[in-house]
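Enquirer: Sequence and predicted model, in that order:
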Amino acid sequence: MFKITIISVGNMKEKYFAEAIKEYEKRISAYAEIRDINLKEENLDNLREGDIAAALEREGKAILDAIPPRAYKVALCVEGKSLSSEKLAELVENAKNTQGEICFIIGSSHGLAPKVKTACDYRLSVSALTFPHRLMRVILTEAIYRALSIANGGKYHK
């Protein structure tokens, strides 16, 4: 079965976000096995810029260690490429057919370490707008479900 891993940094504190994620993960399970890896966010409050870079590097190491070895790796980052739902469906299907596994990576509130972006096969920008990374987890899960629905001829996408 096709495997999807979502690696995110930072705890999901909001119950309503967690419930939305669970609903979309339930829907995704009709098409793929989904796994959620949540990593601890470094304490980045009131730090100098150099400290933030060092903290992102530590988060980056944890992210790289958590990536499934065979997965097609997608970093969510503002400088990435925007895709329509149909194009995301194509990207997911290509990963399914070539590697059998895809991994999406959401960084902390300060983003992703450069070494994580470099290690990824694709950089995806969901929007030019800024969203809390916890909300981005909901948006990504819905987008994955929509992509799988499109790829499988489902009626969810309009």
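Expert: Looks like it arrived, so ask away. Numbering: from 1, shown residues only.

Enquirer: Can you list the neighbours in contact with the helix or strand that contains K73?
Expert: Element membership of K73 [criterion: DSSP states H and E] is strand 72-81. Residues outside strand 72-81 that contact it (Cβ atoms under 8 Å, 6 or more residues apart in numbering) are 67, 91, 94-95, 98-99, 101-107, 111-112, 116-117, 119-126, 128, 130, 136, 140. (Each C-beta comes from the backbone N, C-alpha and C, glycine too.)

Enquirer: hmm, 6 Å instead?
Expert: Residues from elsewhere that reach strand 72-81, judged by Cβ atoms under 6 Å, 6 or more residues apart in numbering: 67, 95, 99, 102-106, 112, 117, 120-125.

Enquirer: how far out from the middle of the chain is stretch 100-119?
Expert: 7 Å (Cα atoms, centre = their mean, to the nearest Å).

Enquirer: Would you mark the buried spots in it?
Expert: Residues 101-108, 110-113, 116-117, 119 are the ones in stretch 100-119 that count as buried (16 or more other Cβ atoms under 10 Å).

Enquirer: Give me the subset of the residues you listed lying in helices.
Expert: 116-117, 119 (DSSP state H).
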